Each structure stands twice: as structure tokens, then as C-alpha cells.
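Participant: what's the 3D shape of this:
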Amino acid sequence: MFSDGDLLGLAGVYVYVAIIVLMASKLKFIRNAKVHRKFVHIMVGNIVFIWWVFDSNYVMAFLAAAPFIPLLLLASPYSNISKLKDSFLGRTSGESHDLGLVYYAISWTILAFFLFDLRLIASIAIVSMAYGDGMGGLVGRKIGKKRLLGSKTIEGTTAVFIATLVSMLIVIYFYQFLNDQGIFVSNVSNLNFEAALLSSITVALFVSVVELLTPGAIDNLVIPLGTSILLFLIWEPYITEGLILSFTIAV
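Facilitator: Residues are numbered from 1 along each chain as shown. Predicted coordinates for the structure are as follows:
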């Protein structure tokens, strides 16, 4: 019923998430610093280095990503299930935006299903949200002093730009390595260093502006979905021809 890749992917995702939640709940420096939510938000983004093993978009989207939507909703402050709401996951969800992690899981599910054949783009969309948005909030909260717009600071927005730029370049070269080794076909080819750097700067600027202007937890939807559409537009010459039509129909 399931391929070896799907079974390996499911095991990898659930074991990794369990380790992250366990670390966030047990490590003193994370508890003392009260950064549970940001730690989970950022570290879960590393699943993009695991999910290339999946063979089916249905398994990746509906068994690895979608189950977290109802779980996080039931653990949110809107839940009537006190045991879940009072759990570590519930306290983590309520640390900042009430539905932020729910929107996060929805973005994962949409990207996993519709961009299965363009996992490089989906992965960049995820790390833009995980590292860009995550580091921006973390840095802004800890050292942000110069207000830029509302509660957003220059320090936080700068962190969004740098974290998005660096994480995007890492993902590009990770998937290029897999492609060069014949391990995984990324369906994005002939992307030289100049194109990778220029597109990373463009995406980092886009994510910085969106994070700055988007209120509340909605950026967990707007950043990844907006980033994927932007990348498709600027990378069209590098995407395998057959995938362009399917992506256009999907969006």
C-alpha cells in the first residue's frame, strides 16, 4: 500500500516533530527564555530536508502534514478539550498568536499536495516562513528597539531578510546536491550561482515586506503561499516545461 519512501518519510516526520516538541518542553534554556513557540516554529521547518523521500503527494500532504491541523486546533485557546488546551502543545499555541501554528500546518498541507513535483520551491516557501518569520519574531522580541511599523522593529525585519536569504541558499544547494547525485529530481535546472543569489535576495525582500505588513498569524499563510507563487514566476525559465502547465492550473 505504501512505498518504502512514504513509510520512511512518515517515520522521519513524526519522529522529528516528537523530538522537537520534547526538546522544547524539557530543555531549561528554552523554557526559561519563553521561546517555546518560536523554537518549534523554526525547527519544524527542517522537515524540508526530510520530505524529499516521499513518493506520493497524498501521503505527504494528508498523512504527514494535514493531521497536525485538527490536533493544533484542538490544542488552541479555542478548544473545549481542557487536557489538550492545557498541554505543552496548547501552551505553545497560546504563547503568541492563537491560531498561528494551525495556519502553519495548513500551509504545509497545501504546499505538500500542490507542489509535490516542485519540492524545491515548496521547501523554500517553508523555510521562508520557518526561518525568516521565525527569526524575525525572535530577534525583534529580544533586541528590537527601533520601531519600524506597529510592533515590528528594524532589527526584527533585518533578521527576516538575512534568515530568509541564508536559508533559501542552503535549501537550493541541498536540493541541487540531491539532483547532481541522482538521488532526487528537483525539476529546477540550470540555476547558476548568480540566478540563485539574485532570486534569494528578491524572495528575502518580499518576505521582509510581507512580514512587516501582514497582521497577526495570517503571515503563516501569506508568506509561504506568496513565496511559492513569486518563485514560480521568476524561476519559470528553470522549471521543467511539463510542470509549468500543471502548476498554473493548480493555482
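Participant: for the stretch 51-200 of the chain, what spans make up the strands?
Facilitator: 147-149, 152-153 (DSSP state E, counting those that start in this stretch).
Participant: Can you tell me which of these is most buried?
Facilitator: strand 152-153 (a mean of 20; mean count of other C-beta atoms under 10 Å). Placement of C-beta: from N, CA and C, glycine included.
Participant: Partner strands of that one, with direction?
Facilitator: In its sheet, strand 152-153 lies beside strand 147-149 (antiparallel), with partners assigned from DSSP bridges.
Participant: show me where the stretch 151-251 of the chain has helices.
Facilitator: 154-180, 193-213, 219-234, 241-250 (DSSP state H, counting those that start in this stretch).
Participant: before we move on, the earlier item: mind putting the strands of the stretch 51-200 of the chain in CSV, distance to residue 37 included?
Facilitator: Rendered in CSV, the data for the strands of the stretch 51-200 of the chain read as follows (distance: least, C-beta to C-beta, whole Å):
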stretch, distance to residue 37
strand 147-149, 22
strand 152-153, 17
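Participant: mean pLDDT for those: which is lowest?
Facilitator: Among the strands of the stretch 51-200 of the chain, strand 147-149 carries the lowest mean pLDDT, a mean of 85.
Participant: Looking at the helices of the stretch 151-251 of the chain, spot the one closest to residue 6.
Facilitator: helix 154-180 (17.5 Å; C-beta to C-beta).
Participant: Buried ones in stretch 2-20, by neighbour count?
Facilitator: Of all the residues in stretch 2-20, those buried under the rule 16 or more other C-beta atoms under 10 Å are 6, 9-10, 12-13, 16-17, 20.
Participant: Oh, that last question was meant for stretch 52-69, not what I typed.
Facilitator: Applying 16+ other C-beta under 10 Å to stretch 52-69 flags 52-54, 59-61, 63-66, 68-69 as buried.
Participant: I'd like these as CSV, with distance to residue 220 appended.
Facilitator: Shown next, in CSV, are these (distance: C-beta to C-beta, whole Å):
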residue, distance to residue 220
52, 23
53, 25
54, 22
59, 23
60, 19
61, 17
63, 21
64, 18
65, 13
66, 15
68, 13
69, 12
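Participant: Can I get those in JSON lines including pLDDT?
Facilitator: JSON lines is the format used below for the buried residues of stretch 52-69 (pLDDT from 0 to 100):
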{"residue": "52", "pLDDT": "95"}
{"residue": "53", "pLDDT": "97"}
{"residue": "54", "pLDDT": "97"}
{"residue": "59", "pLDDT": "97"}
{"residue": "60", "pLDDT": "97"}
{"residue": "61", "pLDDT": "97"}
{"residue": "63", "pLDDT": "97"}
{"residue": "64", "pLDDT": "96"}
{"residue": "65", "pLDDT": "96"}
{"residue": "66", "pLDDT": "96"}
{"residue": "68", "pLDDT": "93"}
{"residue": "69", "pLDDT": "94"}
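Participant: ok, back up a step: show me the one of the strands of the stretch 51-200 of the chain that comes nearest residue 222.
Facilitator: Per C-beta to C-beta, nearest to residue 222 of the strands of the stretch 51-200 of the chain: strand 152-153, 14.7 Å.
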